[in-house]
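>>> quick one: sequence and predicted model below, then my questions.
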Amino acid sequence: LLFHPPHASNVLTYYSRPEAQVIRNNVSPAKQTTMLRAAVSRRSLPRHRVGLASRRGMTFAKGILGRHKVVSLEDAAGIVQDGDVITSSGFVSQGCPEALFEALGERFLATKSPKNLTLFFGGGPGDYDCRGLNHLAKEHPEDGSLMIRKAIGGHFGQVPMVAKHVLDNRIQGYSIPMGAISRMARASASNSPGHITHIGMGTYVDPKTGNGGKLNDLTTEDLVERITVGGDELLFFKAVPVDVAFIRGTTADSSGNVTMEHESVLSDARLLATAAKASGGVVVAQVKRLAETGSLNARDVHVPGALVDCVVVVPPSDHATQHGMSYFTTYDPSWSHEVRVPLEDIPSLPVSERSVIARRAAMELSPGDSVNLGIGMPDGVASVANEEKVLDRIFLSTECGIHGGMGAAGHDFGPAANADAVVEMNHMFDYYNGGGLDICFLGAAQISKSGDVNVSRLSDDRLTGPGGFMDITQATNKVVYMGAFTAGGVGGEGGGGKLS
């Protein structure tokens with residue numbers, strides 16, 4: 001029964017791998033049978049490993065089969081192997097599976113493994129300091145070895161420790177538009193070769209005018225190509241197969257069904273899980289509570305159990321540090337749309353250069369406009385619109401998937417109070433790339449006389465990446481850039497309703 005002909009080649013290939021000897025030597029015959037069944041049940045592509053059956057952490061083998069997927073944090077961290085491609089849900093400071101990354105970093109310091117990892121991410125996630133993906137930028141104190149060898153990212157601003165390794169030429173690095181990152185994951189999820197688009201043409205990610213997004217001399221492999229389709233030149237972003245996807249939700253049952261009721265953003269959790277499963281990889285979900293199997297409303301389940309291999313439950317005592325809504329706000333029920341807050345109670349911007357610039361920019365709005373607000377100074381436009389009682393006459397959005405409401409500002413950028421709808425990030429980029437926006441407001445680090453704009457590299461020692469900038473600007477008819485025209489601001493002081 002185990003060696004059913006359609007699956008036999010997968011099983012034989014599995015037992016020919018080096019790690020199979022470990023299983024034969026250290027696992028009882030009964031457990032070998034369990035592992036074999038796991039391998040048989042996963043019809044992986046030949047180019048990828050056979051999911052959990054070939055992973056470390058064999059001690060939880062019977063917990064990865066059927067409908068009993070809850071495992072310890074240590075066992076979940078033990079799944080990741082040397083050389084894996086790892087991805088994560090989360091956006092900027094929101095929704096990061098912090099407990100999983102912290103445990104993985106601690107494992108490396110204790111064992112020097114996993115190493116040679118590739119990070120594949122969109123908008124961080126991180127805390128602009130040392131948490132989130134920054135945990136994987138650790139350097140071992142004994143020999144100086146690193147956990148990661150390559151970073152493929154859309155925005156490095158929240159993960160400065162990863163960015164530093166790239167800038168120091170210690171790891172390979174790629175700076176890719178965030179919309180392309182989502183679609184590269186989508187290509188992996190559907191076993192497609194990659195993503196084809198006009199977004200990014202004429203910029204540094206275009207091999208014809210730039211370097212294909214490569215960030216240093218160590219990076220030589222081409223992830224981006226210029227191709228011709230139907231007589232038109234376009235960019236082709238290669239799919240990145242995923243070995244391990246860390247995702248986050250609020251509630252799970254032991255079958256692995258995950259809901260998102262207390263999450264501020266959906267990011268691309270379901271898409272990344274699908275990409276990992278299609279690649280023969282593993283999906284680990286971090287949640288803060290466990291429900292009885294079968295008790296979750298099917299319409300509330302965002303990631304179905306078929307896409308999840310393991311569930312890690314963060315205890316209540318660690319919710320604030322390891323499962324807060326963001327790294328800066330533990331919980332805001334208006335972001336999870338449990339309550340609607342009186343918007344008139346939200347303080348207006350104090351008079352400053354930021355408020356003056358935001359007020360002038362807001363004058364470009366028209367009733368009914370579909371609007372994107374970038375991170376930083378542009379989020380002040382929402383404050384002005386709210387202060388002037390016109391917020392309900394426009395449709396504000398952020399690229400992480402928020403439609404409507406009053407967007408959070410600063411390091412909490414992404415979610416919104418009183419939002420109208422929340423969609424996945426890849427769906428929002430579909431809307432943006434399809435020309436759905438009427439106007440966008442964005443910041444800029446440098447603007448040349450000819451109108452070229454730099455937002456990706458702020459200085460020799462500061463790497464941010466484009467985020468959603470290219471996806472938004474190249475598909476929107478009206479683009480408003482906001483800034484003080486000097487790196488340190490204009491030095492004005494507010495008082496008495498005036499700026500001097």
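Structure received.
>>> give me the three-state assignment for residue 118.
strand (DSSP: H, G, I helix; E, B strand; the rest coil).
>>> ok, now residue 181?
Residue 181 - assigned by three-state DSSP - is helix.
>>> is it true that it touches residue 124?
No: between residue 181 and residue 124 there is no contact under Cβ atoms under 8 Å: 11.5 Å. Where you see a C-beta, it was placed from the backbone N, CA and C, and this is true even at glycine.
>>> endpoints of stretch 264-272, how far apart?
18 Å (Cα to Cα, to the nearest Å).
>>> then stretch 193-204?
End-to-end for stretch 193-204, by Cα to Cα: 22 Å.
>>> now do stretch 113-127
24 Å.
>>> quick one: distance of it to the chain centre.
10 Å (Cα atoms, centre = their mean, to the nearest Å).
>>> what do you get for stretch 227-237?
On the basis of Cα atoms, centre = their mean, stretch 227-237 sits 27 Å off its chain's mean C-alpha point.
>>> strands of the stretch 201-350 of the chain, residue ranges please.
Listed in chain order, the strands of the stretch 201-350 of the chain (DSSP state E, counting those that start in this stretch) span residues 224-229, 232-238, 244-248, 251-253, 258-259, 282-287, 289-291, 301-303, 310-313.
>>> nearest to residue 368, of those strands?
Closest to residue 368 of these is strand 301-303 (Cβ to Cβ; 30.4 Å).
>>> which parts of that closest one are buried?
301, 302, 303 (16 or more other Cβ atoms under 10 Å).
>>> that strand packs against which elements?
Where contact means 3 or more Cβ pairs under 8 Å, 6 or more residues apart in numbering; DSSP states H and E, strand 301-303 is packed against strand 258-259, helix 269-278.
>>> tell me the mean pLDDT for it?
Strand 301-303 carries an average pLDDT of 98.
>>> returning to what we had before: I'd like the strands of the stretch 201-350 of the chain as CSV, with distance to residue 99 appended.
Output for the strands of the stretch 201-350 of the chain, formatted as CSV (distance: least, Cβ to Cβ, whole Å):
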stretch, distance to residue 99
strand 224-229, 34
strand 232-238, 31
strand 244-248, 9
strand 251-253, 14
strand 258-259, 15
strand 282-287, 6
strand 289-291, 14
strand 301-303, 17
strand 310-313, 7
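>>> relative to residue 321, how far out is the nearest residue in space to residue 333 that is not next to it in sequence?
Nearest residue to residue 333 in three dimensions, chain neighbours excluded: residue 339, at 4.7 Å (Cβ to Cβ, 6 or more residues apart in numbering). Going from residue 339 to residue 321 by Cβ to Cβ, to the nearest Å gives 24 Å.
>>> show me which of those two is the more surrounded one.
Applying other Cβ atoms under 10 Å to residue 339 and residue 321 shows that residue 321 carries more neighbours, namely 14 against 11.
>>> how much space between the residue nearest to that one when sequence neighbours are not counted and residue 444?
In this structure, residue 321 finds its nearest non-sequential neighbour in residue 98, 7.3 Å apart by Cβ to Cβ, 6+ apart. Using Cβ to Cβ, one gets 32 Å for the distance from residue 98 to residue 444.
>>> looking at these two, which is more packed in?
Using other Cβ under 10 Å as the criterion, residue 98 and residue 444 rank with residue 98 on top: 25 against 16.
>>> so which residues of the stretch 101-250 of the chain form helices?
160-167, 178-189 (DSSP state H, counting those that start in this stretch).
>>> now, of the ones you listed, which is deepest in the fold?
Highest mean neighbour count among the helices of the stretch 101-250 of the chain (mean count of other Cβ atoms under 10 Å): helix 178-189, with a mean of 27.
>>> show me where pLDDT drops low in this protein?
1-67, 487-497, 499 (pLDDT under 70).
>>> strand partners of the one helix or strand residue 396 maps to, parallel vs antiparallel please.
Residue 396 is located in strand 395-398, with elements delineated by DSSP states H and E. Sheet pairing of strand 395-398 (DSSP bridges) gives strand 370-373 (parallel), strand 402-403 (antiparallel).
>>> just the C-alphas of that strand, formatted as PDB.
Presented in PDB, the C-alpha positions along strand 395-398 are these (Å, rounded to 0.1, in the frame of the first residue of the first chain):
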ATOM      1  CA  PHE A 395     -10.800  56.400  -1.300                       C
ATOM      2  CA  LEU A 396      -7.500  56.200   0.500                       C
ATOM      3  CA  SER A 397      -5.400  53.000   0.200                       C
ATOM      4  CA  THR A 398      -2.100  51.500   1.100                       C
END
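>>> identify the residues contacting it?
Strand 395-398 has contacts (Cβ atoms under 8 Å, 6 or more residues apart in numbering) with 368-373, 382, 385, 403-407, 413-416, 420, 428, 437.
>>> contacts only, for residue 354.
Residue 354 touches 377, 380, counting by Cβ under 8 Å, 6+ apart.
>>> who's in contact with residue 175?
153, 154, 156, 204, 205, 213, 215, 456, 463, 465, 466.
>>> before we move on, what about residue 273?
Counted by Cβ under 8 Å, 6+ apart, residue 273 has contacts 245, 247, 283, 285, 303, 307, 308.
>>> please tell me how far it sits from residue 298.
Residue 273 is 17 Å from residue 298, by Cβ to Cβ.
>>> can you get me a residue count around the nearest residue to residue 216 once chain neighbours are set aside?
Nearest residue to residue 216, sequence neighbours excluded (Cβ to Cβ, 6+ apart): residue 169, at 4.7 Å. Each residue near residue 169 was counted by other Cβ under 10 Å, and the total is 13.
>>> just residue 352 next, same as before
What residue 352 shows, counting by other Cβ under 10 Å, is a neighbour count of 16.
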